[in-house]
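Undergrad: next comes the sequence, and after it the predicted model I'd like to discuss.
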Amino acid sequence: MTESTPPPAAPQPAQPLSETEDRQWASFAHLGGILGFLPALIIWLVFKDRGSFTNQESKEALNFQITVAIAQVVIFILNAILGAVTFGLWALIGWIFPLAVWVFAVIFSIMGFTKAKDGTAYRYAVSIRFIK
């Protein structure tokens, strides 16, 4: 005689975030920009359906970080071309541009973090809207 096992329970939808948690994750999405676009992407994918503020702000942070990543790639390509054309002399000043973009991204990520932490939506000055 075989004993029947009950079917596994269906997964339950995640509970919505509280207002405090919503602001917390939204602010972390901005602050994660210091490390690149992955923190904002992960936060958006995990929490987009659980908190409207987190959804809005993580998309904003992700769009900005994708824009920064594209800028870094373009600068890398231009530095490589100009370095080859100038026989390496461009390397004396070419390193300034990726550093400037990174500093710009860090400053604006911290500004977004402080605004989102207070519950205020933050819009980056320069950002291409890839995710709407």
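TA: Everything's here; your move.

Undergrad: name the residues of the host helix or strand of residue 65 that come out as buried.
TA: Assigned by DSSP states H and E, residue 65 falls within helix 52-85. Residues 53-68, 71-72, 75, 79 are the ones in helix 52-85 that count as buried (16 or more other Cβ atoms under 10 Å). Yep, even glycine has a C-beta here, placed from its N, CA and C like the rest.

Undergrad: please apply the same query to stretch 117-132.
TA: Of the residues in stretch 117-132, those buried (16+ other Cβ under 10 Å) are 117, 122, 124, 127.

Undergrad: nearest to residue 106 among those?
TA: residue 124 (12.6 Å; Cβ to Cβ).

Undergrad: now that closest one. Nearest residue, chain neighbours left out?
TA: What sits nearest to residue 124 in space, not counting adjacent residues and going by Cβ to Cβ, 6 or more residues apart in numbering, is residue 64, at 4.3 Å.

Undergrad: returning to what we had before: could the buried residues of stretch 117-132 go into a markdown table alongside secondary structure, pLDDT and distance to residue 7?
TA: What follows is those, written out as a markdown table (DSSP: H, G, I helix; E, B strand; the rest coil; pLDDT from 0 to 100; distance: Cβ to Cβ, whole Å):
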| residue | secondary structure | pLDDT | distance to residue 7 |
| --- | --- | --- | --- |
| 117 | helix | 94 | 44 |
| 122 | coil | 94 | 46 |
| 124 | coil | 93 | 48 |
| 127 | coil | 90 | 47 |
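
Undergrad: pLDDT weak spots in this protein?
TA: Low-confidence segments of the chain (pLDDT under 70): 1-3.

Undergrad: now do the strand or helix carrying residue 43: which elements does it pack against?
TA: Residue 43 is part of helix 38-47, with elements assigned from DSSP H and E. Judged by 3 or more Cβ pairs under 8 Å, 6 or more residues apart in numbering; DSSP states H and E, the packing partners of helix 38-47 are helix 19-31, helix 52-85.
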